[in-house]
Every structure is written in structure tokens, then in C-alpha cells.
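Q: Dropping the sequence and predicted coords here.
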Amino acid sequence: MHNLAVDRARRAREIPVEEVEEKWRDDAYTVDAETVALRTESREELQDALVRLPFIYRSAVLLHDVEGWTMDEVARELGIGLPAAKQRLRRGRMQLVTALAEGAERRKALAGVPLRCWDARARVSDYLDEELSDAERGPLEAHLETCPTCPPLYSCLVGVCEALGRLRDPDTVVPPGLAERVRLAARGR
């Protein structure tokens with residue numbers, strides 16, 4: 001059930017490539033070029049649109065269009081052929097334009113949600129490690145309660161951390177009491 005919920009949330013967060021390609025195949029499909037152009041001027045709008053692209057497309061767009069890599073370099077780094085790299089770049093760009101065009105609808109859906117998704121996601125690790133102050137924890141918890149896309153990501157992070165903790169071999173872990181005695185001895189107490 002957990003995996004199904006995570007998969008559903010990922011699909012809700014990311015723009016499905018099939019849906020975007022279907023739109024772009026329709027001769028009647030267009031976007032408001034002025035709106036997209038204005039949104040590209042805002043770093044926040046671009047980040048919001050980029051975060052919605054599936055990783056395989058986002059990585060091609062960022063490496064080529066942001067970092068200035070050649071398509072040969074992108075293909076080599078991603079471990080794929082040149083035609084596949086070009087397809088990922090094309091699809092990523094189409095998804096990015098579509099995401100920028102639909103930004104108003106996304107903001108409307110997120111109206112009243114405290115914090116931007118990126119700001120919340122940047123604090124989740126500190127939240128898991130209980131390193132946030134009450135003033136920082138409150139808005140993050142409110143975001144996780146109301147955001148339609150972030151809770152499954154948070155759930156995955158919790159699950160991954162727990163799974164990594166289970167990798168610890170109990171035979172090699174120093175018992176807490178012994179660890180404390182060693183720490184005190186090392187400090188000379």
C-alpha cells in the first residue's frame with residue numbers, strides 16, 4: 001500500500017510525459033507565450049516547473065541548457081545513447097514549457113499551503129534529525145498537512161532512513177552504555 005501511495009503521489013507531482021506529448025501532437029494545442037516568457041523571468045517559477053519534471057528529463061535539460069554541456073557529454077554522463085539523450089532533452093523542454101504555462105493553476109491548488117514546496121523539502125532532513133526550532137517546525141508540519149505533493153516524498157524519506165537504520169549489524173554496534181563510557185574515557189573523565 002505504501003508503494004502504491006508513493007507511486008500515485010509521484011505521478012500527481014510530475015507531469016506525465018505521455019500527457020504532454022499528446023498535447024503537443026495536437027495542432028490546436030498552444031500556450032500563452034507571454035505568460036511563459038514572464039514566468040521564465042522568475043527563478044521561483046522556473047524552480048517550481050523544473051521540480052515537476054521527472055528526473056530523467058530534468059537532468060538532460062539542466063545539463064544541456066543550464067550547464068552548457070554538449071549532447072554528447074550529456075549522453076555519456078547519463079550512460080545513454082545520443083538519440084536517447086536528444087529525446088530526453090526534447091521531452092524535458094516540452095514538459096518545462098507546459099509546466100510554466102500551467103503555473104497559475106498549480107499556485108491556485110497550493111493556495112493557503114504554508115511554505116513553497118522547495119523550501120519545505122529543503123528542511124525535511126533537518127526535521128527528521130530533530131534539528132529545527134519550534135518556529136521552523138510549525139510551518140513545515142503545516143505544509144506537510146496541506147500540500148498535495150510533499151507528504152509522499154516525506155514518507156519516502158522516513159522509510160529510507162528507517163531502512164538504512166536496519167542495515168546496521170547489531171553485532172557490530174557498540175551498546176549505548178559502552179559508547180558513553182568510551183566517550184567519557186576519551187575526554188579524560
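A: Received, thanks.
Q: burial count for Val160?
A: Close neighbours of Val160, defined as other CB atoms under 10 Å, add up to 11. To be clear about C-beta, it is placed using only N, CA and C from the backbone, and glycine gets the same treatment.
Q: Can you check the pLDDT for it?
A: Per-residue confidence at Val160 stands at 84 (pLDDT).
Q: I'd like to know how far it sits from Ser59.
A: Separation of Val160 from Ser59 (CB to CB, to the nearest Å) stands at 20 Å.
Q: in this structure, which spans are helices?
A: Counting by DSSP state H, the chain has helices at residues 2-13, 17-25, 33-40, 43-51, 55-61, 71-78, 82-101, 103-109, 117-128, 134-146, 150-166, 176-186.
Q: which stretch in those helices is the model least sure about?
A: helix 2-13 (a mean of 53).
Q: gap between Ile56 and Asp32?
A: With CB to CB as the criterion, Ile56 and Asp32 are 28 Å apart.
Q: ok, the two, which is more surrounded?
A: Ile56 (15 against 12).
Q: With adjacent residues omitted, what lies nearest to the more buried one?
A: With CB to CB, 6 or more residues apart in numbering as the measure, Arg88 is the residue that lies nearest to Ile56, at 5.7 Å, once sequence neighbours are left out.
Q: Identify the residues contacting the one you found.
A: By CB atoms under 8 Å, 6 or more residues apart in numbering, Arg88 lies in contact with 56-57, 59-60, 78, 80.
Q: hmm, try it at 7 Å
A: By CB atoms under 7 Å, 6 or more residues apart in numbering, the contact list for Arg88 reads 56-57, 60.
Q: wait, which of these is closest to Val174?
A: Ile56 (41.5 Å; CB to CB).
Q: Val182 versus the spatially most central residue of the chain, what's the distance?
A: Geometric centre of the chain, nearest residue: Val51, 5.4 Å, by CA atoms, centre = their mean. For Val51, the distance to Val182 equals 44 Å [CB to CB].
Q: likewise Cys161?
A: Distance, Cys161 to Val182, by CB to CB: 25 Å.
Q: Ok, Gly92 next?
A: In this view, Gly92 and Val182 are 51 Å apart by CB to CB.
Q: The two: which is more packed in?
A: Neighbour count, other CB under 10 Å: between Gly92 and Val182, Gly92 has more, with 24 against 11.
Q: Verify the stated contact: the more buried one with Ser59.
A: No - look at Gly92 against Ser59 with CB atoms under 7 Å: they stay out of range, at 8.2 Å.
Q: What confidence value was assigned to Arg189?
A: In this model, Arg189 carries a pLDDT of 64.
Q: domain ranges for this protein?
A: Taking automatic domain parsing as the reference, the chain has its domains at 14-109, 112-189.
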